[in-house]
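> test case, fold it:
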Amino acid sequence: MEKLYKKGLRLEYFTVGYNIVEAAVSLVFGAIANSIALVGFGLDSVVESLSGFVLIWRLRQHGKISPEEEERAEKKAMRLVALTFFILGLYVLFQSLKKLIGKEIPDPSLPGIIIAIVSMIVMPVLTWQKYQTGKQINSRALVADSKETLACAFLSVALLLGLGCNYLFGFWQADPIVGLIIVAFLFREGLESWKEPHEEDSKIE
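Got it, this is the predicted structure:
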C-alpha cells in the first residue's frame, strides 16, 4: 500500500511539473494569438497544477494522522479541487462570450496546435495511472483528480479542432466556441467533485 501512495505522489509531482510548463507555453502563445481557447487551456493547466498541489498535500498526510483526520483531509481535498474547476470555468465563460460578442478575431496559432497534440498523447496515459492508483488506495480525491486530467485530454481534442479550424479555414468563431465547451466540462466536473463529499456525509447520517 505504501508503494501505491508513493506512486500517487510521483504522478502528482509529474502532473504539477508538466502542467506548469504547459500553462506557461499556452498562456504566452494564447496571448500572442489572442486565442481564448488556448488561454483557457493554459488556465486549465494552472488549475490542474493547483489540484496536483492539493493531492500532494493529501497523499503526504497518509500515515501521519488518524483515519478520521485522513477522511476529513480527503473531503477537504475534494472540495478544493471542485473550487478550482468553478473559478476557471467562470473566467473562460466570460472571455469566450466577450470575444464572440465583440468579434475579437484570434490569429492562427501553430504552436497551440502542437501543444494540443502533445497533451492528447500525455493526458490519457496520466489519467489511467491516476485512476487505477486512486481506486487501489481508495482515494476519492485522486480519482476526482484523474477526471480533471481526463477533462484536459478531451479539451486537448477540442482545442485542436478550434485552433485547426482557424489555422486551416479561417473559422475564428471556433476558438471562443471551444472556450464554451471547456466551460461545460469544467462546471460538470466541479459539480461532481463538490457533491461527492456531501453525498458521503448524507449516507453516514
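> CA only for contacts and neighbour counts going forward, please
Will do.
> ok, the closest residue to L110 other than its chain neighbours to G89 distance?
Leaving out its chain neighbours, the residue that sits closest to L110 by CA to CA, 6 or more residues apart in numbering is Y167, at 7.4 Å. Distance check for Y167 against G89: by CA to CA, to the nearest Å, it reads 25 Å.
> ok, the two, which is more surrounded?
Neighbours per residue (other CA atoms under 10 Å) separate Y167 from G89, with G89 holding more: 24 against 17.
> helix or strand for the nearest residue to the more buried one once chain neighbours are set aside, which one?
Distances taken as CA to CA, 6+ apart place V183 nearest to G89, at 4.8 Å, with adjacent residues excluded. Secondary structure assigned from DSSP states H and E places V183 in helix 174-204.
> show me what that helix is packed against.
helix 36-60, helix 67-102, helix 140-169 (3 or more CA pairs under 8 Å, 6 or more residues apart in numbering; DSSP states H and E).
> show me the shaky parts of this structure.
1, 63, 196-205 (pLDDT under 70).
> on that earlier part again, the residue nearest to L110 touches G112, doesn't it?
No. Using CA atoms under 8 Å, Y167 is not in contact with G112; the gap is 10.2 Å.
> on that earlier part again, roughly how far is the helix holding V183 from the heart of the chain?
11 Å (CA atoms, centre = their mean, to the nearest Å).
> can you check stretch 49-62 too?
14 Å.
> show me which residues of that stretch are buried.
Residues of stretch 49-62 classed as buried: S49, L50, S51, G52, F53, V54, L55, I56, R58, L59 (neighbour count, 16 or more other CA atoms under 10 Å).
> what strand or helix carries L27?
helix 2-33.
> now that helix against helix 36-60, angle please.
Between helix 2-33 and helix 36-60, the angle comes out at 160 degrees (axes from the mean of the first three to the mean of the last three CA atoms, to 10 degrees).
> residues of helix 2-33 that come out buried?
5, 8-9, 11-13, 15-16, 18-20, 22-27, 29-30, 33.
> stretch 126-138 now?
L126, T127, W128, Q129, K130, Y131, Q132, T133, G134.
> next one: stretch 92-109
Buried, per 16+ other CA under 10 Å, within stretch 92-109: 92-93, 95-97, 99-100, 104-109.
> equivalent analysis for stretch 77-93, please.
77-86, 88-89, 92-93.
> return the member of those residues nearest to A151.
Among the buried residues of stretch 77-93, F85 lies closest to A151 (CA to CA), at 10.6 Å.
> so how far is L11 from the nearest residue to Y5 once chain neighbours are set aside?
Counting by CA to CA, 6+ apart, Y5 lies nearest to L59, which is 6.6 Å off, once chain neighbours are set aside. For L59, the distance to L11 equals 11 Å [CA to CA].
> mutual contacts of these two, please.
Listed as contacting both L59 and L11 by CA atoms under 8 Å, 6 or more residues apart in numbering is no residue at all.
> F187: which of the helices and strands packed on helix 174-204 is closest?
Taking CA to CA, helix 67-102 is the member of these nearest to F187, at 5.9 Å.
> need the next SSE after that closest one, C-terminal direction.
Taking DSSP H and E, what comes next after helix 67-102 is helix 110-136.
> who does that next one touch, helix- and strand-wise?
So helix 110-136, by 3+ CA pairs under 8 Å, 6+ apart, packs with helix 2-33, helix 140-169.
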